[in-house]
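**Student:** coords please:
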Amino acid sequence: MSKEPRHHVVFENDRFRILNVLLPPGDTTQYHVHSTPSVFISFTKTHTASQNINKQPVEGVSASGNVWFENLNPPNVKIHRVWNMDTSTFHVMDFELLGKDSGFSTSPLEMQHIQLLIDTPWVRSYAMRLEKNEQVSIKGQQSGFILVAINEASIELSQNSAESKPIVKAGSFYLIKANDKFSVTNLNSTSANFALLEIK
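**Tutor:** Prediction:
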């Protein structure tokens, strides 16, 4: 899939690969192969269609902030193409999970502002919603995390001894290593929404 021209690898290590996909109005991807368990996050409300090879097309409308998991390990390989039937760009990210499915040794996070959405042996996904001045702090966790912004927001980040106040865009992401001390605070007057992926 990383060879498909509209799928751009923006990060990769031995545990996961992150691909960013921007599909302009009227554009169509090439047929490409998904063969790795993956979490997908959409950032736009876009009318699209997809077609598995040798199957009929299926239309749908993406929703900003929609997060889903697909176990695409063989024999669950998917070969398909996608096209944008809308007037605005379709934006989605694919988080390919390269580790084994041996499961987690710890329980899911339970804290304010976080809701568990997906729990698999490869990954857990949480929805995080912060109103103005609300904060989430993570420290001393055995797992690593990926924090992904769903909408534009002004936030305050603290990671170990480093602090910053970035304006994040939809698709901005931050890597949180195991045992990191990490906190995020919403400085906006409106909600800041994130997906938080816990990686085994």
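
**Student:** Outline the domain layout of the chain.
**Tutor:** Split into domains by automatic domain parsing, the chain comes to 7-97, 114-199.

**Student:** How about residue 35, nearest residue that isn't a chain neighbour?
**Tutor:** Closest residue to residue 35 in three dimensions, ignoring its sequence neighbours and counting by CB to CB, 6 or more residues apart in numbering: residue 77, at 4.7 Å. (C-beta placed from N, C-alpha, C; glycine too.)

**Student:** what bridges to the most centrally placed residue in the chain?
**Tutor:** The chain has residue 41 as the residue nearest its centroid, 4.4 Å off, counting by CA atoms, centre = their mean. Judged by DSSP bridges, the bridge partners of residue 41 are residue 67, residue 93.

**Student:** Centre of the protein to the edge, which residue is at the far end?
**Tutor:** Going by CA atoms, centre = their mean, the residue of the chain most distant from its centre is residue 54, 28.5 Å out.

**Student:** so what's residue 41 up against?
**Tutor:** Counting by CB atoms under 8 Å, 6 or more residues apart in numbering, residue 41 touches 65-67, 92-93, 95, 148, 150, 195.

**Student:** Next: residue 106.
**Tutor:** The contact partners of residue 106, taken as CB under 8 Å, 6+ apart, are 141-143.

**Student:** Out of these, which end up buried?
**Tutor:** Buried members of those, scored by 16 or more other CB atoms under 10 Å, are 141, 143.

**Student:** Including secondary structure, could the contacts of residue 106 go into JSON lines?
**Tutor:** Below are these laid out as JSON lines (DSSP: H, G, I helix; E, B strand; the rest coil):
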{"residue": "141", "secondary structure": "coil"}
{"residue": "142", "secondary structure": "coil"}
{"residue": "143", "secondary structure": "coil"}
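
**Student:** Relative to residue 32, which of the contacts of residue 106 is nearest.
**Tutor:** residue 143 (29.5 Å; CB to CB).

**Student:** Which pLDDT value belongs to residue 140?
**Tutor:** Note for residue 140: predicted pLDDT of 88.

**Student:** sorry, back to before: to what extent is the residue nearest to residue 35 buried, counted in neighbours?
**Tutor:** Using other CB atoms under 10 Å, residue 77 is surrounded by 11 other residues.

**Student:** Quick check, it in contact with residue 37.
**Tutor:** No. Look at residue 77 against residue 37 with CB atoms under 8 Å: they stay out of range, at 11.3 Å.

**Student:** Just the CA atoms of stretch 110-127, as CSV, please.
**Tutor:** Presented in CSV, the C-alpha positions along stretch 110-127 are these (Å, rounded to 0.1, in the frame of the first residue of the first chain):
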residue,chain,number,x,y,z
GLU,A,110,-9.5,4.6,32.8
MET,A,111,-9.4,8.4,33.3
GLN,A,112,-11.5,11.5,32.8
HIS,A,113,-12.0,12.8,29.2
ILE,A,114,-11.0,9.4,27.7
GLN,A,115,-13.3,6.7,26.3
LEU,A,116,-12.2,3.3,25.1
LEU,A,117,-13.5,2.6,21.6
ILE,A,118,-11.4,-0.3,20.3
ASP,A,119,-9.6,-3.1,22.3
THR,A,120,-7.7,-5.7,20.2
PRO,A,121,-4.5,-7.7,20.8
TRP,A,122,-2.6,-5.2,18.6
VAL,A,123,-4.0,-1.8,19.6
ARG,A,124,-6.4,0.0,21.8
SER,A,125,-8.0,3.2,20.6
TYR,A,126,-9.5,5.9,22.8
ALA,A,127,-11.6,9.0,22.0
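
**Student:** Alright, that wraps it up for me.
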